[in-house]
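Peer 1: Predicted model and sequence below, questions to follow.
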Amino acid sequence: MTLATAAHAPEGGTTAPAVRIRDLTVVYKTPAGELPAVSEIDMDLPAGTITGLVGESGSGKSTLALSLLNAVQPPGRISSGTVEIDGLGDVVPLQGDKLRRVRGGQIGYVFQAAQNSLNPLKTVGKQLLDLGRSHDVDDLRALVSEAKELLGRMGLDGARVLDSYQHELSGGMRQRVGIMLALVLNAHVVVLDEPTTALDMITQANILEIIRNIHAERGLTTLVITHDIGVVAEVADQLAVMYGGRIVERGPVRSVLGEPRHPYTQGLIRAIPRLTGDIDQARALPGRPPTLGTIPERGCVFRDRCELRMSVCDTVEPVLERHADQLVACHAVAGQEPDGGAPTDDGQEQT
Amino acid sequence: MTSGAPTGLSTTRGDLRRNFWRGVWRVLRRKPSRLLGVALMLMFVVMATAGPMLYQRPLPRDPDNFFAPPSLQHPFGTDFQGVDVLSLVVVGSRYVLLTAFITAVITVVLGTGIGLFAGFRRGRLDAVLMRITDINLTIPGLPILLVLSTVWQFASPWEMGLVLGLLGWGALARAVRSQTLSLRERGFIEAARGLGLSTPHIVFRELLPPIAPYIAMNLLMSLILAVWAQVGLFFLGVMPVIGENWGVMLNRAVFDFGAMTTAARLPYMLAPLLALLLLTVAIVLVVDAMDEVFNPRLREE
Amino acid sequence: MKGFARRLAGQLARGLVMVWVVLTFTFVIISIMPGDPVRAEYENLLQQGYSPEQAEAQAAMLHRFRPTGSVFEQYVDYVGSLLRFDLGQSLYSRVDVATVLADAAKWTVIPVLLGTVLSFGLGVVVGVYAAIKRSSKLGDMLTMSGSLLRGIPDFVVGLLLASIFATLWPILPRQGAVNILYEPWTVEYVLSLGYHAILPVATYTISAYGGFILAMKSSVVTVLGDDFILAAELRGMKRSIIFRYIARNAILPLFTVFALSVAAVFSGAIFIERIFNYPGLGMLLIDSIGRRDITVMAGALLLITVAVIIANIVADLFYSVIDPRIRRAGDRV
């Protein structure tokens, strides 16, 4: 892939690859045996869309994101399932040099803003060159000018940023550098892990706008992981809500936020005054999310915090079923609308 | 000292203390090596306190038996005068352990005092104290001790311990200061001030207890350093080779009686060395156990 | 470069204070030394028929202060001449102290540097390995060996090595720096130099290596957990580049360990040269103390102090060259 094509990325997302996750399970090795952090997840990232993935810490959302790059860190491992990306095939069996080239080359990953994702001892420019060399870029000069252009579009002085060390950049600047590094090699699938955490409100808005713009310009397929439902409301087209290693609800952002069906999604939205408009109506979700060791083996993972708990929730795990625009995994919701829809093709019962 | 109980941590409540001892016992039982460490430690303490009383002075000589090889009667053989080497080791332990203990106490008192004071007061005084600490840390201690020995013989453990303690407090002072500063950052001092507590109360009741475990471990570690420093000093032979201690034995064995050139005389040198190594191992094992008592996070493994 | 210059100035100021402390210390020692050696020298010269002026000048040349002055005058004279690097003559051999020190220094500096560099290299490599394999048996054992070696002082290492390789299995020489029968700089002479240096250098290496392993291991473990390493992996950086990132970041804290170990190494040299009868600075210090050759003694102490200060400054310079956070501090806002 040459840089010339990178500069003139296709508009409209017609050629952006889609990502298909099927039956993905990721387990972590603990003294109590291998425990699943992500259980039998099916999910699509439609080409050219921004998908938001929301969940509390420990819900498995970061693990799911890392699986997209087949980069789950030990003691965790992908125990089953496939992650298919158009043009690449399944990334789960990839290994060694092949896998390395996919990372950064085809799939860009942007770290959480609070994390230091740059080597403190090298300037951004030198790390950019290291990146180019790692991916056998012949024309390093073109790479640098591409990087400068990207940084310029994000409102930074490219030459100056490339000559800076990490400690000389602010949080918002670092985050833009991270986005630049993820895109400069012309990756078309981009994962943003908590892109605005630890940034102030103005910088947050700024970064979100950059994400939107660049996404549209380059026709990317983007996954934004966040615990902040407001972030998703601003940038995403699709929304998936994760709880206890499972996706409990997903669908177009407007319908999920406008008419949340799963009691967990409803709780999440109620907890945010920004979305409900009235701070008196904001209500924190009672209880705590499960950890690796406390995820129940059978039944619904959310039942302990659920207002609509029924006896069937203790024994049978609900599967994603279509209700209007969205897919919801909840017995209570299914019971309210017995004819809400047939199970979807990717939501077959597996227990 | 015998079972790793830090003196600074004694609480007034009986049940807390009982829980603490139960924790100590659990930690010791988990690794037999730790029990061994405590046992060795006890053995050395008994050796240093009661041991010298077991032998008549001067130590009995066997004039027909110079440099005898190890036997049942003399487990480590005899020295150049036919004196049993084991008895020399036992008698010599008192100077070594007492000096080490005095050194460790002085190190801890000075290091903790200066570190706490600097971290508590901050400002210019802190800067001055830390410059002094830097000098204490970088100054070449051993050469200075050697030069000092031209006018001072360090005949008693008290003198030796005082000098070693005065030279060795820097590292602890630095560590205690940074711990004090981090407690300050967490708002400890401001909160205590806000409650109207007096400065001595803040220093001794609020600041000292959280860092006491660290200090207790440092006390043990500086015991090791003090043991080796004084033995090394006597071993070099710069100071008059008199008195009963392991360093003097090593010096005689190596430089006067050719323990290094004649294989048959090696046991004379190895006996004090073995005692030193065992003492070091004992202290390291006790420190290891203490580490786990005070840092329960490690217990889970 | 402003921050850098300030650091250097601070280091130099601290060094000067240390030199002053050491000079004052030796002056006090010489003044209270039993038998008042300076006065004794003066009276000795008078008895040999020198005039009081001649005797005073002669004694002053030896000791750097006049025997008849007040304590304060003596102190000013003494510190003043030593700060001008005027160290006087050896009372024992009447050779200039500077010459005596220079002769001895090469026997200390070369083996010490060799041993330190060897153990640094070995410690860094083994430390990295122990960090990467930290959950395996072998990694555990390497870490254990580090803790064990750090707990054993250098003179014990020296004694054990000597008793194994020079006494029980005599394949290496135990005494001296070279076979004096050989003509200097012939092949045999050079070989003999190397042969005699094996045990001292091995002792330096082994006794310093434990500290380096442990420091490197904990440093690498810290860096491995840093976010930027995972970030580099997720950007598909080459292994070799990631390894360089780890190495450079992990080695940084070791310069502090290195600087702190210099003073310890000079202390070690005293033991090691005594055990192997090696004619370096440590041996010189011990001999001069034994002979009450106070000018050489003071000179050796001063030189060791200055060497420790210089080593600290050099390590600090290295540190700031390699770490941009210090190098560029104060240059930008």
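Peer 2: Now that the structure is in, tell me what you want to look at.

Peer 1: drop to CA atoms for contacts and neighbour counts, all remaining ones
Peer 2: OK.

Peer 1: shaky segments in chain A?
Peer 2: Across chain A, residues meeting the criterion (pLDDT under 70) sit at A:1-16, A:113-114, A:273-283, A:337-351.

Peer 1: how many neighbours does residue B:64 have?
Peer 2: When neighbours are defined as other CA atoms under 10 Å in any protein chain shown, residue B:64 has 9 of them.

Peer 1: I'd like the distance between it and chain C.
Peer 2: Distance of residue B:64 to chain C, computed by CA to the nearest CA, to the nearest Å: 26 Å.

Peer 1: give me the element that residue is part of.
Peer 2: Here residue B:64 is covered by no helix or strand, with elements defined by DSSP states H and E.

Peer 1: Might you report the residue contacts of it?
Peer 2: By CA atoms under 8 Å, 6 or more residues apart in numbering or on different chains, residue B:64 lies in contact with residue B:82.

Peer 1: same deal with the one 10 residues further on?
Peer 2: Listed by CA under 8 Å, 6+ apart, the contact partners of residue B:74 are B:84, B:85, B:86.

Peer 1: before we move on, what about residue A:21?
Peer 2: Per CA under 8 Å, 6+ apart, neighbours of residue A:21: A:41, A:42, A:43, A:44, A:81, A:82, A:83, A:84.

Peer 1: Surely the fifth one forms part of a strand?
Peer 2: Yes: secondary structure of residue A:81, determined by DSSP: H, G, I helix; E, B strand; the rest coil: located in a strand.

Peer 1: Not counting sequence-adjacent ones, nearest residue to residue B:228?
Peer 2: Spatial nearest neighbour of residue B:228, chain neighbours left out: residue C:153 (7.0 Å); criterion: CA to CA, 6 or more residues apart in numbering or on different chains.

Peer 1: Return the nearest residue of the stretch 51-200 of chain A with respect to chain B.
Peer 2: For the stretch 51-200 of chain A, the residue closest to chain B is residue A:75, as judged by CA to the nearest CA, at 14.9 Å.

Peer 1: Quick check: the gap between that residue and residue A:37.
Peer 2: According to CA to CA, to the nearest Å, residue A:75 and residue A:37 sit 11 Å apart.

Peer 1: between the two, what contacts are shared?
Peer 2: By CA under 8 Å, 6+ apart, residue A:75 and residue A:37 have these common neighbours: residue A:28.

Peer 1: what does chain A put close to chain C?
Peer 2: A:69, A:71, A:99-105, A:108-109, A:111, A:115-122, A:130-131, A:134-135, A:165, A:167, A:181-182 (CA under 8 Å from any CA of the partner chain).

Peer 1: Which of those residues fall in helices?
Peer 2: By the criterion of DSSP state H, membership of those in helices covers A:99, A:100, A:101, A:102, A:103, A:104, A:105, A:130, A:131, A:134, A:181, A:182.

Peer 1: residues near the third one, how many?
Peer 2: Right, residue A:101. Residue A:101 has 20 nearby residues by other CA under 10 Å.

Peer 1: Assumed residue A:21 was part of a strand.
Peer 2: Yes: counting by three-state DSSP, residue A:21 is found in a strand.

Peer 1: how about the nearest residue to it, chain neighbours excluded?
Peer 2: Residue A:21's closest residue in space is residue A:83 (CA to CA, 6+ apart), at 4.5 Å.

Peer 1: I figured residue C:176 was touching residue C:276, is that so?
Peer 2: Yes: proximity of residue C:176 to residue C:276 meets the contact threshold set by CA atoms under 8 Å, at 6.3 Å.

Peer 1: Could you check which of those two has the larger neighbour count?
Peer 2: residue C:276 (21 against 17).

Peer 1: center of chain B - which residue?
Peer 2: Taking CA atoms, centre = their mean as the criterion, residue B:223 is the residue nearest the geometric centre of chain B, at 0.9 Å.

Peer 1: what does the stretch 51-200 of chain B put close to chain C?
Peer 2: Close to chain C, as judged by CA under 8 Å from any CA, the stretch 51-200 of chain B has residues B:131, B:135, B:138-144, B:146-148, B:150-151.

Peer 1: repeat that for 7 Å
Peer 2: Residues of the stretch 51-200 of chain B lying close to chain C (CA under 7 Å from any CA of the partner chain) are B:135, B:138, B:139, B:140, B:142, B:143, B:147, B:148, B:150, B:151.

Peer 1: dump the residue contacts of the first one.
Peer 2: Under the criterion of CA atoms under 7 Å, 6 or more residues apart in numbering or on different chains, the contact list for residue B:135 reads residue C:18.

Peer 1: For it, identify the helix or strand it belongs to.
Peer 2: Assigned by DSSP H and E, residue B:135 belongs to helix B:123-138.

Peer 1: average pLDDT for the following helix or strand past that helix?
Peer 2: Scanning forward in sequence from helix B:123-138 by DSSP H and E, the next helix or strand is helix B:141-148. Confidence for helix B:141-148, expressed as mean pLDDT, is 88.

Peer 1: Which parts of the chain are helices?
Peer 2: All of this refers to chain A. Under DSSP H, chain A gives helices at A:3-7, A:61-68, A:96-105, A:124-134, A:140-153, A:158-162, A:171-183, A:201-218, A:229-235, A:253-258, A:263-270, A:273-276, A:331-336.

Peer 1: meant chain C, my bad for not saying
Peer 2: Under DSSP H, chain C gives helices at C:2-32, C:37-47, C:52-63, C:71-83, C:97-132, C:137-151, C:154-162, C:187-224, C:227-234, C:239-251, C:254-275, C:281-290, C:294-322, C:324-327.

Peer 1: In a markdown table, list the ones you listed along with mean neighbour count, mean pLDDT and distance to chain B.
Peer 2: Converted to a markdown table, the helices of chain C look like this (neighbours: other CA atoms under 10 Å in any protein chain shown; pLDDT from 0 to 100; distance: least, CA to the nearest CA, whole Å):
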| stretch | mean neighbour count | mean pLDDT | distance to chain B |
| --- | --- | --- | --- |
| helix C:2-32 | 17 | 84 | 7 |
| helix C:37-47 | 17 | 77 | 12 |
| helix C:52-63 | 19 | 75 | 16 |
| helix C:71-83 | 16 | 81 | 17 |
| helix C:97-132 | 20 | 87 | 14 |
| helix C:137-151 | 18 | 80 | 7 |
| helix C:154-162 | 22 | 87 | 7 |
| helix C:187-224 | 22 | 85 | 14 |
| helix C:227-234 | 20 | 90 | 23 |
| helix C:239-251 | 17 | 89 | 21 |
| helix C:254-275 | 22 | 80 | 5 |
| helix C:281-290 | 23 | 90 | 7 |
| helix C:294-322 | 21 | 84 | 6 |
| helix C:324-327 | 17 | 71 | 19 |
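
Peer 1: Done for today, thanks.
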